[in-house]
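*Asks:* Using only what follows, build the 3D model:
(chains A and B)
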Amino acid sequence: MTTAIRVSNLGKRYQIGAAETKFRYNMLRDVLVDTVYAPVRLAKALVGKSDRRSNQNFVWALKDVSFDLEEGKVLGIVGRNGAGKSTLLKILSRVTEPTEGTVTVRGRVGSLLEVGTGFHPELTGRENIYMNGAILGMKRSEIDSKFDEMVDFSEVGQFIDTPVKRYSSGMYLRLAFAVAAHLEPEILVVDEVLAVGDAEFQRKCLGKMSDVAQQGRTVLFVSHNMSAILRLTQEAIVLKKGQLIKRAPTPEAVDYYLASGQAESGERVWEADEIPAASAPFKPRAIRIRERSGKIVDTVRSTEPVTFEFEYQLDAPLTGLRVGMYLNTMRGEYVFTAFDTDDAKQYEQFGARPPGRYVSRCEIPADFFNEGRYYLGVNASSFGVKRYFMDENALSFNMDISGAPGTQWPEVRQGPIRPRLNWKIEKID
Amino acid sequence: MTDDIMTEITKHEPTTVYIKPSTGLAALNLRDLWIYRELVFFMVWRDVKVKYKQTLLGMAWAVIQPVLTMLVFTFVFGEVAKVPTDGIPYPIFSFAALLPWGLFEVALNQGSRSLVAHNNMVTKIYFPRLILPISSVFAGLVDFLIAFVILIGLMLYYRVAPAYDLLWTLPLFILLAIVTALGVALWLSAINVKYRDVNQALPFLTRFWLFITPIAYSSSVISEKWQILYALNPMAGVVDGFRWALLGSGNGPDITLWVSATISVLIFISGLFYFRSMEKTFADTI
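*Replies:* Here you go, the predicted structure:
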């Protein structure tokens, strides 16, 4: 067997904290001085000699990662948020360059992330197929020969010469997927976490993935869904804080991952080395999801209320502090953003907080969420002054909709919320 | 494994790609640019196709914009200020300069924004990033060709004969315009990824640059001792050369042209290297 992918000593370093300076100003004097020095800073930045202090904020998203993968194998990649899974896939698909180390890839790498990249709403379906194909690295002759197949697959048929802005979102996605699916790369990378689309579409992606695997191509599969990893891969690697800590047959790797306590578990605890220095005096401690009984859970029934709690510590008094949560769907759409001092009375009472340990807690009523996976993010800031801490992807959890409104019909309901509405039906004639 | 799949896999023997931190000259990676050349074609085609969609006048805009500018210039500088034009009718004098300037202006504006405008491509897939500014510049070439037809019409109307013996140099000056435009676009698009100050500066930069370029006036009005300094603006050489090649106006290639051309090439080459050195972090910083 030949080696399809050889990764050796791969490392990727990101610079963080560039955005922090935006909220640093407290005094007009600072602003003025900063404005005067702006051209100097620009010149320095352009020649690569940026200020020393900004160079200190580095984080290694990947460090010393090495592995080989034989042609035709399906490899699962597991690890919690921020473990470096997506960075690894980005390097393999050459979106970003590694900081150190090398990768040797035999063949074309395709990813289902690329679905619809470069689609232009004003162009027709036909034109977009050619455009998108070219962006994915297909030759025109290759697109010509697969064109009919793609149109069949996408089921848009007679609308192929209509601008895609007139398409329904389903048609649009099917067409986009048709192009990506016919790229026929030697190596396919699938990041389920980032995959767009509804549940139906994701099933289609996974279906395509197993087809590809059965054709003897190489697949890398990233997922938080352990049952999907177990079903679709024979072997898996576990990443933790940018390092490869385990490579084993999938059942063993999954066991290891679950047992080592890194799995998503309805709770996220920040260790000392995970807290950026810039967040001081604010220190995040943990975020938890609790069901009605108080138990920490990672799957919540949508018919019951759920409590989100964020525990943190203040090492110095803070004024104007607001601690809040973001809620995102798996597709990255915001469901809501809310802060603990949104209420004027609360703000009066807790706007200024002495040092100490705190918990900010909120209850989401029953019959709020639709089915799926959601991301909970946290934010602590003083409006217009400084953002102390933010993690948009702190924790994820599942929503189970058994018993929710409309579940007597086995269909997917659109939208992130699924409220129990007060319907009245009247016969008026 | 079935037979047809086997043949499909063997049909194109997979190429091996080495991914490593890029350094030095090898980082230019012109081979990949060549492999992806069809993408340039598609991007230009898309830009042209989309540009005038859902407009009443459509492609006519490519004509209206330079013609109206020319009319304004003709009135203000030709009729009111009576700027000397070396005996060429003012409309042709200014229109001949507005052509390469238009090409440059589009490249400057579209090219500088090209990476940020296509950030979903940049953050999702691999392709040589150079393709984005390059195709913006080429898309400007289409408008240029349309406007060129108008220029020929104007010359017929005013019975101005082109400088037949110099005409062969015209493509060279078009090339110089492209090189200049691309050079500036490479610099600004790469800077724009990290510092969106470029977006703020562009409208001013475009206007400023228009005034320091001999479009409304002839560069011969600049006094002798300032000529070399004036030639540091690469567009001065492009516009003067373009007029000379087409209409035979001015002194032809002299020291000032060479200064301008050298600056153009320097901007282009340094732009290429700057762009490539920044390219590895585009996806992380955009």
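*Asks:* okay, CA-based contacts and neighbour counts for the rest of this
*Replies:* OK.
*Asks:* give the contact list for residue 268.
*Replies:* Because you didn't say which chain, this covers chain A. Contacts here follow C-alpha atoms under 8 Å, 6 or more residues apart in numbering or on different chains; on that basis A:Arg268 touches A:Ala286, A:Ile287, A:Arg288, A:Ala394, A:Leu395.
*Asks:* Oops, wrong one, chain B.
*Replies:* B:Val179, B:Thr180, B:Leu182, B:Gly183, B:Val184, B:Leu186.
*Asks:* who wins for most neighbours among those residues?
*Replies:* B:Leu186 (32 neighbours; other C-alpha atoms under 10 Å in any protein chain shown).
*Asks:* residue ranges with poor pLDDT in the chain?
*Replies:* Unless you meant another one, I'm taking chain A. A:1, A:16-36, A:41-42, A:44-57, A:113-114, A:192-205, A:225, A:227, A:259-264, A:330-332 (pLDDT under 70).
*Asks:* I was after chain B.
*Replies:* Within chain B, the ranges that satisfy pLDDT under 70 run B:1-14, B:23-28.
*Asks:* Alongside chain A, which residues does it contribute?
*Replies:* Within chain B, the positions near chain A by C-alpha under 8 Å from any C-alpha of the partner chain are B:1, B:5, B:9, B:13-22, B:36, B:38-39, B:42-43, B:46, B:49-50, B:53, B:118, B:120-127, B:191, B:280-284.
*Asks:* Could you tell me which of the residues you listed belong to strands?
*Replies:* Among the residues of chain B next to chain A, the members found in strands (DSSP state E) are B:Thr16, B:Val17, B:Tyr18, B:Ile19.
*Asks:* so the last one makes contact with A:Glu97?
*Replies:* By that I understand B:Ile19. Yes. In this structure, B:Ile19 is within contact of A:Glu97 by C-alpha atoms under 8 Å, at 7.4 Å.
*Asks:* can you list residues touching both of the two?
*Replies:* Taking C-alpha under 8 Å, 6+ apart as the contact rule, the neighbours common to B:Ile19 and A:Glu97 are A:Ile91.
*Asks:* could you show me where the strands are in the stretch 51-200 of chain B, in order?
*Replies:* Applying DSSP state E, counting those that start in this stretch to the stretch 51-200 of chain B gives no strands.
*Asks:* Helices of that one, residue ranges please.
*Replies:* With DSSP state H, counting those that start in this stretch, the ranges of helices along the stretch 51-200 of chain B come out as B:60-73, B:90-106, B:112-117, B:119-124, B:131-157, B:170-194, B:197-211.
*Asks:* Make JSON lines out of those helices and add distance to B:Ser264.
*Replies:* Listed next are the helices of the stretch 51-200 of chain B as JSON lines, based on distance: least, C-alpha to C-alpha, whole Å:
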{"stretch": "helix B:60-73", "distance to B:Ser264": "24"}
{"stretch": "helix B:90-106", "distance to B:Ser264": "12"}
{"stretch": "helix B:112-117", "distance to B:Ser264": "17"}
{"stretch": "helix B:119-124", "distance to B:Ser264": "27"}
{"stretch": "helix B:131-157", "distance to B:Ser264": "15"}
{"stretch": "helix B:170-194", "distance to B:Ser264": "5"}
{"stretch": "helix B:197-211", "distance to B:Ser264": "14"}
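*Asks:* Tell me which of those approaches A:Arg6 most closely.
*Replies:* Of all the helices of the stretch 51-200 of chain B, helix B:119-124 sits nearest to A:Arg6, with 21.9 Å by C-alpha to C-alpha.
*Asks:* Next, the buried residues of the closest one.
*Replies:* B:Asn120, B:Met121, B:Val122, B:Thr123, B:Lys124 (16 or more other C-alpha atoms under 10 Å in any protein chain shown).
*Asks:* and it, what other elements does it pack with?
*Replies:* helix B:255-285 (3 or more C-alpha pairs under 8 Å, 6 or more residues apart in numbering or on different chains; DSSP states H and E).
*Asks:* Distance from the helix it packs on to the middle of the chain?
*Replies:* Between the centre of helix B:255-285 and the centre of its chain there are 13 Å (C-alpha atoms, centre = their mean, to the nearest Å).
*Asks:* Which positions in chain A make contact with chain B?
*Replies:* A:14, A:46, A:90-108, A:113-114, A:117-118, A:122-123, A:130-131, A:134-137, A:139-140, A:186, A:215-216.
*Asks:* let's see 7 Å
*Replies:* Within chain A, the positions adjacent to chain B are A:93-108, A:113-114, A:117-118, A:122, A:131, A:134-135, A:137, A:215 by C-alpha under 7 Å from any C-alpha of the partner chain.
*Asks:* Now do the SS call for A:Phe397.
*Replies:* Secondary structure, DSSP: H, G, I helix; E, B strand; the rest coil: A:Phe397 is strand.
*Asks:* If we ignore the residues flanking it in sequence, what's nearest it?
*Replies:* In this structure, A:Phe397 finds its nearest non-sequential neighbour in A:Asp298, 4.9 Å apart by C-alpha to C-alpha, 6 or more residues apart in numbering or on different chains.
*Asks:* circling back to that earlier point, looking at B:Ile19 and A:Glu97, which is more packed in?
*Replies:* Neighbour totals were compared for B:Ile19 and A:Glu97, and A:Glu97 leads with 25 against 21 (other C-alpha under 10 Å).
*Asks:* That one and A:Ile91 touch, don't they?
*Replies:* Yes. Counting by C-alpha atoms under 7 Å, A:Glu97 does reach A:Ile91; the two are 5.9 Å apart.
*Asks:* Give the buried subset of the ones in strands among the residues of chain B next to chain A as a PyMOL selection command.
*Replies:* Typed into PyMOL, the line below selects the buried ones among these, using 16+ other C-alpha under 10 Å:
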select buried, chain B and resi 17+19
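*Asks:* B:Ala245 is in what secondary structure piece?
*Replies:* helix B:234-247 (DSSP states H and E).
*Asks:* Quick one: residues in contact with that helix.
*Replies:* For helix B:234-247, the surrounding residues in contact (C-alpha atoms under 7 Å, 6 or more residues apart in numbering or on different chains) are B:96-97, B:100, B:162-163, B:166-167, B:169-170, B:173, B:176-177, B:180, B:213-214, B:231, B:249-250, B:252, B:257, B:260-261, B:263-264.
*Asks:* Can you list the residue ranges for helices in the stretch 251-400 of chain A?
*Replies:* Under DSSP H, counting those that start in this stretch, the stretch 251-400 of chain A gives helices at A:344-350.
*Asks:* Including distance to A:Ala352, could the buried residues of helix B:119-124 go into a markdown table?
*Replies:* What follows is those, written out as a markdown table (distance: C-alpha to C-alpha, whole Å):
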| residue | distance to A:Ala352 |
| --- | --- |
| B:Asn120 | 41 |
| B:Met121 | 44 |
| B:Val122 | 43 |
| B:Thr123 | 41 |
| B:Lys124 | 43 |
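*Asks:* Neighbours of B:Ala60, how many?
*Replies:* Neighbours of B:Ala60 under the rule other C-alpha under 10 Å: 12.
*Asks:* try A:Phe153
*Replies:* For A:Phe153, the count of nearby residues is 17 (other C-alpha under 10 Å).
*Asks:* next helix or strand past whichever helix or strand it is part of?
*Replies:* Using DSSP H and E, A:Phe153 sits in helix A:140-154. Note on helix A:140-154: by DSSP H and E, the next helix or strand toward the C-terminus is helix A:169-181.
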